[in-house]
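[1] Compute the structure for the input listed below.
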Amino acid sequence: EGAQQSGALDPHIWLDPDNAVSIARYIAATLTRFDPDNAKRYARNVDSFVRDVAQLKNSIRESIGRQDGTNYLVLNDAFRHFENEFGLTPVGAVLNHAEDSPGAKSLKLMRTSLRSHSIRCVFGEVPAPPFVRTLLEDIEAQYVWLDPMGSQLEAGSTHYIAMMESDRK
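    Numbering: from 1, shown residues only. Here you go, the predicted structure:
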């Protein structure tokens with residue numbers, strides 16, 4: 001089930017680690033049906049993934065605990081599953097859809113909101129759209145890009161964990 005806000009469904013279901021575990025278990029079960037000779041291998045891989053995700057969740061919770069009270073804004077509303085899992089609530093989202101681009105009036109309102117809510121961080125996807133520079137000009141907030149697809153990482157058995165742990169400026 002997708003996280004909803006403003007009536008829109010968030011398709012980024014893998015950003016909730018529990019959903020990622022469900023997906024991995026489903027894939028392993030499907031592979032086992034088609035390739036029963038490797039069933040033990042698929043089961044070991046899933047068990048390892050489940051342990052890694054449990055450690056990841058603990059690490060994320062610890063990290064979030066150290067940031068208690070930090071106001072943040074998301075560039076687009078693509079992180080709801082993650083936010084729901086970890087009890088986070090952004091002050092708001094700059095864009096309704098990743099492909100949108102705000103006009104001058106919207107940018108002015110957002111800059112006012114950044115200042116009035118003491119926003120210290122704006123999270124978005126890579127690469128940062130050109131308007132981000134204008135949005136954050138003379139404001140003490142940093143832009144941190146997140147890669148919810150892991151497109152900047154090499155594929156491999158640790159790809160999901162690396163993707164969930166990575167943040168870049």
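
[2] Can I take it that residue 122 is in a strand?
    Yes: counting by DSSP: H, G, I helix; E, B strand; the rest coil, residue 122 falls inside a strand.

[3] That one touches residue 133, doesn't it?
    No: contact criterion Cβ atoms under 8 Å: residue 122 and residue 133 do not qualify, at 11.5 Å. Placement of C-beta: from N, CA and C, glycine included.

[4] Who has more neighbours out of these two?
    Taking neighbours as other Cβ atoms under 10 Å, residue 122 and residue 133 compare with residue 122 leading, 24 against 10.

[5] Please name the bridge partners of the more buried one.
    Here residue 122 shows beta-bridge partners residue 73, residue 143, assigned using DSSP bridges.

[6] shaky segments in this protein?
    Applying pLDDT under 70 to the chain flags residues 1-8, 67-69, 96-100, 167-169.

[7] Return the residues in contact with the most centrally placed residue in the chain.
    Residue closest to the average C-alpha location in the chain (Cα atoms, centre = their mean): residue 79, at 4.5 Å. For residue 79, the contact set (Cβ atoms under 8 Å, 6 or more residues apart in numbering) comprises 12, 15, 90, 123, 146, 148.

[8] Out of the residues you listed, flag the one nearest to residue 165.
    Proximity of those to residue 165 (Cβ to Cβ) peaks at residue 146, which lies at 10.8 Å.

[9] quick one, helices of this protein?
    For the chain, the helices defined by DSSP state H cover 17-34, 39-66, 80-86, 104-116, 131-136, 159-165.

[10] what's the offset of the first one from the middle of its chain?
    The chain centroid and the centroid of helix 17-34 are separated by 21 Å, computed with Cα atoms, centre = their mean, to the nearest Å.

[11] Then the last one?
    Its chain's C-alpha centre lies 10 Å from the corresponding centre of helix 159-165 when counted by Cα atoms, centre = their mean.

[12] Show me what that helix is packed up against.
    Applying 3 or more Cβ pairs under 8 Å, 6 or more residues apart in numbering; DSSP states H and E, we find helix 159-165 packed against helix 39-66.
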